[in-house]
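Asks: no sequence for this one, just the structure:
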């Protein structure tokens, strides 16, 4: 999922959804193009004033701030596959490129006006969607790529983007989170336990409340980025997949590298799984997306995986001693 395309091309027919009739399945143009994020593409989080992490969040990609110089909360936060850049040349160039991308997104032709409609409950095909003022997501939004892995969605939001607690953005039929762009005229706030997908490029600030997770990027041009990552999955700008571990019998399974539940790993991570039986039980084998009896064993995270470890109880038969005397 690399973002390298500079041009905008609109060649497909446009289907408009009327603002007076809430849309549950809206079709737009299939031809929206990726903006060029330049140096900002390597950042999972970028602030203009202050970047603050609260909790043990894991960030896969660069984290930075410019022109401000404060990056707070590392540790307990952790940066993997990247580094922290505070008011250095890399963060400055990323801000310049993020602004260029913001202007590119804001200047696109709107295919479907969703002003005054809640995104919750909608299924949206690729294209450019716009809100004159604020946008709200309550519940679940589904983005349907129609089998096109290169499908692009652009959301132009005049002022604020806000999600309710437990909201989600789900992408189906080969769609990719990094092909979703949220251009926000002021600030974005993701409510508690929201599961959000896409690149947020906000003129002012971006906040993730407790337990909210982001599969994408949070790029704030002028304000702060504040993330309460207590109970959150990783914040990532590369694909991440969930490992589900089931147990039959009595025992435990430890994935390594270990993450807190839910087990979420960036694409390509090789996980070592170790099954440990409880007292008086023994390990039988793996099933699901693993098979066999090798322990420890490994699995590569190239999709969501579900594995089951089966344990059985040791059976002890009484020892019977026969008297050999006549």
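Replies: Structure received. Everything numeric in this text was worked out from a predicted model, so none of it was measured.
Asks: give the buried residues for stretch 157-173.
Replies: Neighbour counts over stretch 157-173 (16 or more other Cβ atoms under 10 Å) mark 157, 158, 159, 160, 161, 162, 163, 164, 167, 168, 169, 171 as buried. C-beta coordinates here come from the backbone N, C-alpha and C atoms, glycine included.
Asks: go ahead and confirm the third one touches residue 133.
Replies: Yes: Residue 159 lies in contact with residue 133 (Cβ atoms under 8 Å); the separation is 4.9 Å.
Asks: and residue 226, what are its bridge partners?
Replies: Listed by DSSP bridges, the beta-bridge partners for residue 226 are residue 52, residue 207.
Asks: report the separation between it and residue 210.
Replies: 11 Å (Cβ to Cβ, to the nearest Å).
Asks: pull up the distance across stretch 185-200, start to finish.
Replies: 11 Å (Cα to Cα, to the nearest Å).
Asks: chain center to that stretch: distance?
Replies: In terms of Cα atoms, centre = their mean, to the nearest Å, the centre of stretch 185-200 is found 11 Å from the chain centre.
Asks: could you do stretch 218-236 as well?
Replies: With Cα atoms, centre = their mean, you get 11 Å for stretch 218-236.
Asks: quick one: average confidence on that stretch?
Replies: Average pLDDT, stretch 218-236: 91.
Asks: got the buried residues for it?
Replies: Buried, per 16+ other Cβ under 10 Å, within stretch 218-236: 218-229, 231-236.
Asks: any weak-confidence spans in the stretch 101-250 of the chain?
Replies: Scanning the stretch 101-250 of the chain for pLDDT under 70 picks out the ranges 238-239.
Asks: the same query, at a cut-off of 90, please.
Replies: Low-confidence segments of the stretch 101-250 of the chain, defined by pLDDT under 90: 149-150, 174-178, 213, 215, 230-243.
Asks: so residue 95 sits against residue 68, correct?
Replies: No: when contacts are counted by Cβ under 8 Å, residue 95 is not listed as touching residue 68 (10.1 Å).
Asks: shared neighbours of these two, anything?
Replies: residue 48 (Cβ atoms under 8 Å, 6 or more residues apart in numbering).
Asks: so between those two, which is more surrounded?
Replies: Each of residue 95 and residue 68 has its neighbours counted (other Cβ atoms under 10 Å); residue 95 has more, 24 against 18.
Asks: that's a helix at that one, yeah?
Replies: Yes: Residue 95 forms part of a helix when assessed by DSSP: H, G, I helix; E, B strand; the rest coil.
Asks: just the pLDDT for it.
Replies: 98.
Asks: and it, how close does it get to residue 117?
Replies: Distance from residue 95 to residue 117, by Cβ to Cβ: 32 Å.
Asks: now do residue 171
Replies: 20 Å.
Asks: so what's the residue positioned nearest the centre of the chain up against?
Replies: Nearest residue to the geometric centre of the chain (Cα atoms, centre = their mean): residue 215, 1.6 Å. The contact partners of residue 215, taken as Cβ under 8 Å, 6+ apart, are 177, 195, 196, 197, 198, 236, 239, 240.
Asks: one more: residue 172?
Replies: With the criterion set at Cβ under 8 Å, 6+ apart, residue 172 makes contact with 142, 143, 144, 145.
Asks: same question, residue 93
Replies: Applying Cβ under 8 Å, 6+ apart, the residues near residue 93 are 38, 39.
Asks: one more: the one 3 residues further on?
Replies: The contact partners of residue 96, taken as Cβ under 8 Å, 6+ apart, are 38, 39.
Asks: kindly recompute the last result at 10 Å.
Replies: Shown in contact with residue 96 (Cβ atoms under 10 Å, 6 or more residues apart in numbering): 38, 39, 40, 66.
Asks: which residues do residue 226 and residue 210 both contact?
Replies: Contacts common to residue 226 and residue 210, judged by Cβ under 10 Å, 6+ apart, are residue 54.
Asks: on that earlier part again, looking at the contacts of residue 96, spot the one nearest residue 53.
Replies: Nearest to residue 53 among the contacts of residue 96 is residue 66, at 16.9 Å by Cβ to Cβ.
Asks: my guess is that closest one meets residue 88, correct?
Replies: Yes: the criterion here is Cβ atoms under 10 Å, and residue 66 meets it with residue 88 at 7.5 Å.
Asks: could you list the domains of the chain?
Replies: 25-236, 240-313 (automatic domain parsing).
Asks: what separates stretch 179-186 from the chain centre, distance-wise?
Replies: On Cα atoms, centre = their mean, the centre of stretch 179-186 falls 15 Å from the chain's centre.
Asks: oh sorry, the question was meant for stretch 91-102
Replies: 21 Å.
Asks: ok, back up a step: tell me the most packed of the contacts of residue 96, by neighbour count.
Replies: residue 40 (28 neighbours).
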